[in-house]
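Chemist: What shape does this take:
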Amino acid sequence: MAAHKEMTQAITFGLGIPCKNGAPFLPRLFASIHAQTKPFDEIWLFDDGSEDSSRAIAASFGARVLSSPVSLGPSAARNRLITACSCEWLHFHDADDTMAPTYLERVAACVRPEIDLVVCNMLWIDEKTGRIENHWRYNAHAFARNPAAYLIVNTIGGINGLYRRSALLSAGAFDESLKFWEDTELNLRLAKHGAKADVVEEDLVTAYRRGASYSNSNLVNVWLVKLQLIDGLRSDPDQFLRQTIAIEAEAIANRLARLDAWSEIPHALKVASLAGGNPPTTNNWLLRVLKRILPLSWTFRLQVKIRRLLEK
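Modeler: As a prediction, this is how the structure comes out:
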């Protein structure tokens with residue numbers, strides 16, 4: 001009945017913008033919003049305790065504005081936007097990023113009764129230099145084979161998903177206790193609830209990266225939160241998912257090593273081992289022998305030292 005209703009009524013699309021001190025970037029974002037070949041039916045901005053003119057700027061561009069006098073965090077901001085928007089489909093976009101003119105036209109074309117999420121490719125660009133730092137690409141067939149394992153490695157960011165609003169509400173929306181990886185946690189939960197996704201393999205959104213961003217200045221905590229998320233999936237009986245957890249936990253250990261967060265690395269290696277991995281992964285015959293007799297963290301530290309010597 002719900003599917004028939006969606007097919008016989010006009011489907012509506014909302015845009016939700018979580019914003020904290022976004023005044024310098026909002027004109028650029030709204031230029032890309034107003035350039036859409038298919039316009040959004042509703043545009044909402046949640047001002048998360050900004051100390052600048054974000055609210056006034058957003059209102060001047062036609063957005064409906066909600067606000068909090070104090071910062072509630074990215075998850076709470078998105079949850080307030082979910083509640084406020086009346087559209088069946090909702091896209092979140094950060095205040096300092098942009099979207100291609102054909103964004104909504106292309107992703108809306110994938111909306112079908114059985115689909116709850118539409119993802120597109122995303123570019124990360126250095127704000128200062130214009131250099132492409134990362135290119136997030138997705139594959140619909142790989143996604144469908146094992147959604148949870150796919151999402152562990154292929155993160156969906158805060159700006160490249162179009163969500164069925166009712167699916168968000170059924171899954172419990174965003175976890176407001178999280179300051180990092182809240183999007184990944186939600187998408188993993190959606191996958192557990194059986195949400196189906198489709199992919200537009202085109203670069204339709206752009207994230208602008210700056211060295212002073214909140215995530216970049218808290219990288220150790222960023223990786224520890226992701227480690228916690230994947231560790232929570234370790235009891236799943238799916239062997240491929242567990243293998244993916246083991247690989248990603250070891251990758252997090254290597255990222256922590258680059259940040260010299262040595263006290264946190266044993267836990268990452270333990271998660272990798274408990275998921276069925278055998279870290280450290282190596283082709284070095286000596287390390288293969290040593291990891292049979294030395295504590296895991298010792299062998300890993302030796303591997304890191306060898307790599308650093310080879311990089312000099």
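Chemist: After the longest strand anywhere in the chain, which helix or strand is next?
Modeler: For the chain, the longest strand by residue count, based on DSSP state E, is strand 197-209. Counting by DSSP states H and E, the next helix or strand C-terminal to strand 197-209 is helix 219-231.
Chemist: Could you pull up the mean pLDDT of the next helix-or-strand element following that following helix?
Modeler: For helix 219-231, the following helix or strand on the C-terminal side (DSSP H and E) is helix 239-258. The average pLDDT for helix 239-258 rounds to 97.
Chemist: Check which helices and strands the helix or strand hosting residue 148 sits against.
Modeler: Assigned by DSSP H and E, residue 148 belongs to helix 147-153. Under the contact criterion of 3 or more Cβ pairs under 8 Å, 6 or more residues apart in numbering; DSSP states H and E, helix 147-153 touches helix 182-192, helix 239-258. All C-beta spots, glycine's among them, are computed from the backbone N, C-alpha and C.
Chemist: which stretches of the stretch 151-300 of the chain have low pLDDT?
Modeler: 211-217 (pLDDT under 70).
Chemist: With mean neighbour count and distance to residue 67 added, can I get the helices and strands packed on helix 147-153 in TSV?
Modeler: Listed next are those as TSV, based on neighbours: other Cβ atoms under 10 Å; distance: least, Cβ to Cβ, whole Å:
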stretch	mean neighbour count	distance to residue 67
helix 182-192	21	20
helix 239-258	20	36
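Chemist: Could you check stretch 268-287 and say which residues are buried?
Modeler: Using 16 or more other Cβ atoms under 10 Å as the test for burial, stretch 268-287 gives 268-272, 275, 277, 279-282, 287.
Chemist: how about the residue nearest the centre of the chain, phi and psi?
Modeler: For the chain, residue 157 is the residue whose C-alpha lies nearest the centre (Cα atoms, centre = their mean; 2.9 Å). Residue 157 adopts backbone torsions of phi -80, psi -170, taken as degrees, to the nearest 10.
Chemist: same deal with residue 90?
Modeler: Torsion angles, degrees, to the nearest 10, at residue 90: phi -140, psi 130.
Chemist: Surely residue 35 touches residue 102?
Modeler: No. Using Cβ atoms under 8 Å, residue 35 makes no contact with residue 102, being 9.4 Å away.
Chemist: For the stretch 51-200 of the chain, which segments count as strands?
Modeler: Taking DSSP state E, counting those that start in this stretch as the test, the strands found in the stretch 51-200 of the chain are 64-68, 89-92, 98-99, 117-126, 132-136, 161-164, 197-209.
Chemist: Let me have the ones you listed in TSV, extended by distance to residue 142 and mean neighbour count.
Modeler: Formatted as TSV, these follow (distance: least, Cβ to Cβ, whole Å; neighbours: other Cβ atoms under 10 Å):
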stretch	distance to residue 142	mean neighbour count
strand 64-68	37	17
strand 89-92	23	25
strand 98-99	24	23
strand 117-126	12	20
strand 132-136	14	13
strand 161-164	17	24
strand 197-209	9	19
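Chemist: Now tabulate those in CSV and tack on distance to residue 227.
Modeler: Formatted as CSV, the strands of the stretch 51-200 of the chain follow (distance: least, Cβ to Cβ, whole Å):
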stretch, distance to residue 227
strand 64-68, 30
strand 89-92, 25
strand 98-99, 31
strand 117-126, 22
strand 132-136, 20
strand 161-164, 23
strand 197-209, 22
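Chemist: Figure out which of those strands is closest to residue 28.
Modeler: Of all these, the one in closest proximity to residue 28, counting by Cβ to Cβ, is strand 98-99 (6.1 Å).
Chemist: Given the closest one, what are its sheet partners and their directions?
Modeler: strand 197-209 (antiparallel) (DSSP bridges).
Chemist: ok now the partner strand, how far from the chain's centre?
Modeler: Relative to its chain's centre, strand 197-209 lies at 12 Å (Cα atoms, centre = their mean, to the nearest Å).
Chemist: Equivalent analysis for stretch 27-35, please.
Modeler: With Cα atoms, centre = their mean, you get 22 Å for stretch 27-35.
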